[in-house]
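Participant: coordinates only, no sequence provided:
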């Protein structure tokens, strides 16, 4: 829209609204040897509870189906087998029940899990399932945090860079009456994530996470985990005129205390629903997808105000290039 | 740094610190006909107060030297002359005093003003001046908000897109013992601003603003002005491991209530100094530029964790490209 067209259009006109009832389905700790059947029981209970409450979309966390296994150098653990943590099909025998409940009750869901492809690739994956039980789309985590080598000095490992390959795009889909995108855990700390999704038209961004309260490389960040998690998702929502649903696997999982604080955030940037504790729990909100227009068509009207020609460093550089040191 | 190198390096090691005392020098309303001499008197008083308190860098707001004139369609106002609001040289006869005080007292400053170049170009500009009174660098606002055409339906105009051309890059400089970048007002709402500066090595980002409390295109945002201003600068600081100084021209200027809430933000994302009212006032903090390392060398180690190859939409698209509508 040109400035002249916008001048003629005048202020934003409110519309009727595109309402959707959404739940952040926080999941408490999952044990090292907890079976898929046990986890799926818990997820089905949350799905049923949500459906009974009229929820249309339930968002589960990252790696919902298992414990957060990158905390171990799995090859060194006698009682663990790496492949046991991955799904080779979706739905599979144990997860089919989730799809059945979705179709029966008319409640969609978003689910994070470890994916092992037929040709041997491993991803940290999240899928979106519509209210008829059909898979809308799949996202593979782009930003893999942590490390690839065993680092014995850490209290616990964060070997995502060993156990997963990175995804390579930020797809969006038409679903649930709007445009939906996904991101996973560390992705939410990078503003590029939300921006790429919003440039794909996203109005609703679904984010699962596992966030240990202790960050070994710099423990001064530990006391700020909740603040940081909300800060980045609130800014991502506001700066892109999106709703964001952020969902934790929280609580003390195998001795590692993890951030809960699952939430639903409006395009205003404000948290409009929040979990109260750190176990299995729903936080529910009725969201109006047309509220995204209040930002996308005014202050953050991208096609009018963005300056991509000045952003080249974002895609041409990976690391920083500071000005040269002065030569005395 | 590779994962193996990082593994060998272990956790962050604290260093001695690069300390700098910084002030956000908030300025209250400037009248429609207030003289440069009067404004410079006020700025000199703030500079002197800061220098006496040991401050080494004083940050003034956007368009410090005049009223925020884009609120009028200046050509229609009998008592206003557009060129009167622009500086044709810097320092000029009225602003030389600021540079003299800087050199005498050893206090640097950052100053926003309207710039008219010898060949007739107009920019919304901010300069950085070192403690010896020398100009380190100049930034010209990249993101121009508001509109270019007179829009009579508004209570007041926001004609930045009429009275300024846009700048075209985000330079950084070595100064004040670190790497410094600048941004102006609406720039702070775009995550690309902080990212481009941080990719230029910025450790300290200086931002002046004039932010009316009333946003005509969507007045539902009015009550959120302070929250939004802090949200974007806090996220920008955290996500880029930078200190941010955000400085308002606040208070009721010619009938328009403007956001104050000037602040200094640490790389933790937290506000560490804040003005108490909406007039001429300093908010001061002692900052340690080495705190930027806690983020730049761990969680946000760009060269290890960023994925520029997945960010292409940010520079190849200006507006959103949603998925196609389903064809029934």
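Facilitator: Sure thing, it's come through. These figures come from a predicted structure and were not determined experimentally.
Participant: going forward, measure contacts between C-alpha atoms and count neighbours the same way
Facilitator: Will do.
Participant: quick one, what contacts the residue nearest to residue A:42 when sequence neighbours are not counted?
Facilitator: Distance criterion Cα to Cα, 6 or more residues apart in numbering or on different chains; nearest residue to residue A:42, sequence neighbours excluded, is residue A:280 at 7.8 Å. Counting by Cα atoms under 8 Å, 6 or more residues apart in numbering or on different chains, residue A:280 touches A:25-28, A:42, A:46.
Participant: now with 7 Å?
Facilitator: By Cα atoms under 7 Å, 6 or more residues apart in numbering or on different chains, residue A:280 lies in contact with A:26-28.
Participant: these two touch, right, residue A:24 and residue A:286?
Facilitator: No: counting by Cα atoms under 7 Å, residue A:24 sits too far from residue A:286 to count as a contact (11.7 Å).
Participant: those two - which one has more neighbours?
Facilitator: The residue with more neighbours, out of residue A:24 and residue A:286, is residue A:24; 31 against 16, by other Cα atoms under 10 Å in any protein chain shown.
Participant: in which helix or strand does that one reside?
Facilitator: Using DSSP states H and E, residue A:24 sits in strand A:19-26.
Participant: quick check: mean pLDDT of that strand?
Facilitator: Averaged across strand A:19-26, pLDDT comes to 98.
Participant: which parts of the stretch 51-200 of chain A sit against chain B?
Facilitator: Within the stretch 51-200 of chain A, the positions lying close to chain B (Cα under 7 Å from any Cα of the partner chain) are A:143, A:145, A:147-149, A:151, A:168-169, A:172-174, A:189-192, A:196, A:198-200.
Participant: any buried residues in stretch A:45-59, and which?
Facilitator: Of all the residues in stretch A:45-59, those buried under the rule 16 or more other Cα atoms under 10 Å in any protein chain shown are A:46-48, A:50-51, A:54-59.
Participant: CSV please, covering those residues and showing pLDDT.
Facilitator: As requested, the buried residues of stretch A:45-59 are exported to CSV (pLDDT from 0 to 100):
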residue, pLDDT
A:46, 98
A:47, 98
A:48, 98
A:50, 98
A:51, 98
A:54, 98
A:55, 98
A:56, 98
A:57, 98
A:58, 98
A:59, 99
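Participant: just those residues: which are in helices?
Facilitator: If you go by DSSP state H, those have A:46-48, A:50-51 in helices.
Participant: ok, of the residues of the stretch 51-200 of chain A next to chain B, which come out buried?
Facilitator: The buried subset of those (16+ other Cα under 10 Å) comprises A:143, A:145, A:147-149, A:151, A:169, A:172-174, A:189-192, A:196, A:198-200.
Participant: quick one: contacts for residue A:113?
Facilitator: By Cα under 7 Å, 6+ apart, the residues touching residue A:113 are A:62-65, A:124-126.
Participant: state the three-state secondary structure for it.
Facilitator: Assigned with DSSP: H, G, I helix; E, B strand; the rest coil, residue A:113 falls in the strand class.
Participant: can you check residue A:183 too?
Facilitator: strand.
Participant: mind checking which helix or strand residue A:293 is in?
Facilitator: helix A:293-296.
Participant: need the residues that contact that helix.
Facilitator: Residues outside helix A:293-296 that contact it (Cα under 7 Å, 6+ apart) are A:240-241, B:218.
Participant: which positions in that helix come out as buried?
Facilitator: Per 16+ other Cα under 10 Å, helix A:293-296 contains these buried residues: A:293-296.
Participant: and stretch A:76-90, by the same measure?
Facilitator: A:80, A:85-88.
Participant: just stretch A:164-171 next, same as before
Facilitator: Under 16+ other Cα under 10 Å, the buried positions of stretch A:164-171 are A:164-167, A:169-171.
Participant: and that stretch, how far apart are its ends?
Facilitator: 19 Å (Cα to Cα, to the nearest Å).
Participant: so which of the residues of the stretch 51-200 of chain A next to chain B are in strands?
Facilitator: The strands, defined by DSSP state E, take in A:172-174 from these.
Participant: now, which of these sits nearest residue B:182?
Facilitator: Set against residue B:182, the nearest of those by Cα to Cα is residue A:172 (33.7 Å).
Participant: and the closest residue to that closest one other than its chain neighbours, how close does it get to residue A:256?
Facilitator: Spatial nearest neighbour of residue A:172, excluding adjacent residues (Cα to Cα, 6+ apart): residue A:181 at 4.6 Å. To residue A:256, residue A:181 is 29 Å away according to Cα to Cα.
Participant: neighbour-wise, which of these two wins?
Facilitator: More crowded of residue A:181 and residue A:256, by other Cα under 10 Å: residue A:181, with 28 against 18.
Participant: helices along the stretch 101-250 of chain A, start to end?
Facilitator: Using DSSP state H, counting those that start in this stretch, the helices of the stretch 101-250 of chain A run over residues A:160-163, A:191-199, A:225-240.
Participant: so of these, which one's packed in deepest?
Facilitator: Of all the helices of the stretch 101-250 of chain A, helix A:191-199 carries the top mean neighbour count, a mean of 26, counting by mean count of other Cα atoms under 10 Å in any protein chain shown.
Participant: contacts only, for the residue nearest the centre of chain A.
Facilitator: Most central in chain A under Cα atoms, centre = their mean is residue A:207, positioned 1.4 Å from the mean C-alpha point. Neighbouring residues of residue A:207 by Cα under 7 Å, 6+ apart: A:182-185, A:245-247.
Participant: swap in 8 Å and give it another go.
Facilitator: If you count contacts by Cα under 8 Å, 6+ apart, residue A:207 has them with A:61-62, A:182-185, A:188, A:244-247.
Participant: so of the residues you listed, which two are at opposite extremes in space?
Facilitator: A:62 and A:244 (14.9 Å).
Participant: need the contact partners of stretch A:152-168.
Facilitator: By Cα under 8 Å, 6+ apart, the list of residues contacting stretch A:152-168 from outside reads A:70-73, A:121-124, A:139-151, A:216, B:10, B:309-310.
Participant: many thanks, we can stop here.
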